[in-house]
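> Fold the following, please.
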Amino acid sequence: MHMSKDIITKLTEEKFLGRGGASFPTGLKWKTVKEVKAEKKYIICNASEGEPNVFKDGFIIENYPEEMIQGIKIALETIDNSSAYIYLSKDYYEKFKDSLKELIKDSQISLFKKTGGYLAGEETLICESIEGKLLEPRIKPPFPAQFGLWGCPTLINNVETFYYVAKIAKNQYKKTRFYSVVGDVENKGVYELPESYSILQALKETKNLPDFDFFVQSGGGASGEILLSSELDQQCKGVGSIIVFNRKQTDLFSLMKKWADFFLEENCDKCIPCREGSYRIAEMIKKEKIDKKILDDLFLVLEESSFCALGRGIPLPFRGLITKLLNEQK
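Numbering: from 1, shown residues only. Purely as a prediction, here's the structure:
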C-alpha cells in the first residue's frame with residue numbers, strides 16, 4: 001500500500017486518541033513501538049470488550065471487519081518484524097471467528113480467544129493471557145510498548161482505533177467516534193457521530209432524549225460516571241457508551257448491587273484494596289445501609305492504592321449515584 005504521508009505522522013497530525021478508554025495519543029504509541037530496537041514485535045487488536053452494556057467494538061467487527069483488519073495490516077507494515085493477534089472476548093470469538101479467519105488468511109494475523117473475565121481486557125493482562133500465564137496485571141512501567149508479549153515491544157489498540165487508522169490512512173477521517181446508546185431509550189444502538197458532540201447532542205441526534213426525568217451513566221456500564229440530565233453538556237468519556245435510566249423507575253440499590261457484584265466477580269484478588277474494598281462495598285449495598293464515612297475511606301484507599309485501573313475506577317459510579325441521587329431521595 002502506498003501512503004503519501006507516513007501513517008504515524010498522519011495519526012500525530014490528526015491528534016488521534018486511542019478509543020479503548022484511556023484516550024492515549026495513538027501516534028505516540030505507534031512511534032514508541034516502532035523506534036524500540038528489538039528482533040521481534042507484536043501487535044494486538046483488543047476486542048475483549050467486557051464492560052456491561054458496551055458493544056460498539058462488536059458492532060464494528062460485525063459491520064466493518066475489513067476496515068479493522070486494514071488498520072492492523074497498516075500497523076504490520078509500519079512496525080518491522082511484527083505479527084498480530086486479534087484478542088476476542090469469548091462471545092465475539094464464537095460469533096465472528098469464521099468470518100474473520102476468512103479475512104485474515106495468508107496474513108501475519110491470528111485470532112486468540114480471551115481467557116478470564118473483564119479484567120483480562122487490561123493491556124498487561126492480555127499479554128499474560130496470550131502467554132498462558134496466571135491472570136494478574138503486571139507492574140507498569142515497563143509498558144507493553146517496550147516490554148509486552150513475551151518481553152517484546154507490543155502495540156495494543158482496540159477495535160475502534162484500528163478502524164480509524166484505516167480511515168486516517170485514506171484521508172477519510174471526519175473526527176467521528178462510535179457511541180453505544182442503551183437503557184430507557186427508544187432507539188438503542190451504536191451510532192457514528194462527531195467526537196466533539198456533548199452527551200446531550202448525541203441523545204438528541206439519535207432521537208433518544210427522554211421526555212421524562214432521567215440520569216445517565218457515561219463511559220461504561222459499570223465504571224462509568226453518573227450524570228444528571230442537567231449535566232450532559234460534556235463530551236462522552238471512556239468507551240463512548242451512554243446508558244439512560246428512568247429516574248422514577250430505577251431502584252438505585254438494585255443498580256448499585258449490579259455494579260458491586262460485577263466488581264466483586266471481576267477483580268483478580270491480587271491486591272488487598274480491590275479485593276477487600278469491593279467486598280465491603282457489596283456487603284454495605286446488600287444491607288442497603290450506607291455508612292458514608294466508611295465508604296469515603298474505602299473509596300480513598302481504592303483510588304490511591306489499587307494495583308490497576310479496575311480498583312481505581314470502582315468509586316466513580318457509586319460516589320456519583322449516592323451523592324447526586326440517593327441522598328436526595330431520602
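
> and residue 277, how many neighbours does it have?
26 (other Cβ atoms under 10 Å). Bear in mind the C-beta positions are built from the backbone N, C-alpha and C, glycine included.

> can you pull the pLDDT of it?
Here the pLDDT value assigned to residue 277 is 89.

> Let me see the contact set for it.
Neighbouring residues of residue 277 by Cβ atoms under 8 Å, 6 or more residues apart in numbering: 298, 301, 302, 306, 311, 314.

> isn't there a strand covering residue 191?
Yes - assessed by DSSP: H, G, I helix; E, B strand; the rest coil, residue 191 belongs to a strand.

> For it, list each beta-bridge partner.
Beta-bridge partners for residue 191, by DSSP bridges, are residue 179.

> right, and it touches residue 205 too?
Yes - contact status for residue 191 versus residue 205: in contact at 7.5 Å, counting by Cβ atoms under 8 Å.

> So residue 307, which state does it fall into?
Per three-state DSSP, residue 307 ends up coil.

> My guess is it contacts residue 275. True?
No - here residue 307 does not reach residue 275: they are 10.0 Å apart, not a contact under Cβ under 8 Å.

> So which of those two has more stuff around it?
A direct count of neighbours by other Cβ under 10 Å for residue 307 and residue 275 places residue 307 higher, at 19 against 16.

> The more buried one and residue 263: what is the separation?
Separation of residue 307 from residue 263 (Cβ to Cβ, to the nearest Å) stands at 14 Å.

> repeat for residue 64
For residue 64, the distance to residue 263 - Cβ to Cβ - is 32 Å.

> Comparing residue 191 and residue 205, which shows the higher neighbour count?
Neighbours per residue, other Cβ under 10 Å: of residue 191 and residue 205, the larger number sits with residue 191, 20 against 15.

> List the contacts of that one.
178, 179, 180, 181, 202, 205, 206.

> Work out for me the element the fifth one sits within.
Spelled out, that is residue 202. Assigned by DSSP states H and E, residue 202 belongs to helix 199-205.

> Show me how far that helix is from its chain's centre.
21 Å (Cα atoms, centre = their mean, to the nearest Å).

> outside of the helix or strand following it, which residues touch it?
Per DSSP H and E, the first helix or strand lying C-terminal to helix 199-205 is strand 214-218. Contacts with strand 214-218, where a contact means Cβ under 8 Å, 6+ apart, come from 183-184, 199, 203, 224-229, 232, 236-238, 241-247, 250, 317, 324-325.

> Among these, the buried ones, what's the ChimeraX command?
Only the buried entries of the contacts of strand 214-218 go into this ChimeraX selection, using 16 or more other Cβ atoms under 10 Å:
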select :183,184,199,203,224,225,226,227,229,232,236,238,241,242,243,244,245,247,250,317,325
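
> Counting neighbours, which of the contacts of residue 191 comes out on top?
Scoring the contacts of residue 191 on neighbours with other Cβ under 10 Å, the highest-scoring entry is residue 181 at 28 neighbours.

> State the three-state secondary structure for that one.
strand.

> Could I get the full set of strands for the chain?
Here the chain has its strands, by DSSP state E, at 41-47, 82-88, 109-113, 154-158, 176-183, 189-194, 214-218, 225-228, 241-246.

> Export the ones you listed to TSV and append columns for distance to residue 13 and mean pLDDT.
Putting the strands of the chain into TSV (distance: least, Cβ to Cβ, whole Å; pLDDT from 0 to 100) gives the following:
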stretch	distance to residue 13	mean pLDDT
strand 41-47	22	97
strand 82-88	23	97
strand 109-113	27	97
strand 154-158	18	97
strand 176-183	17	96
strand 189-194	19	97
strand 214-218	29	97
strand 225-228	30	96
strand 241-246	28	97
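
> If anything else comes up later, I'll come back, but that's it for now.
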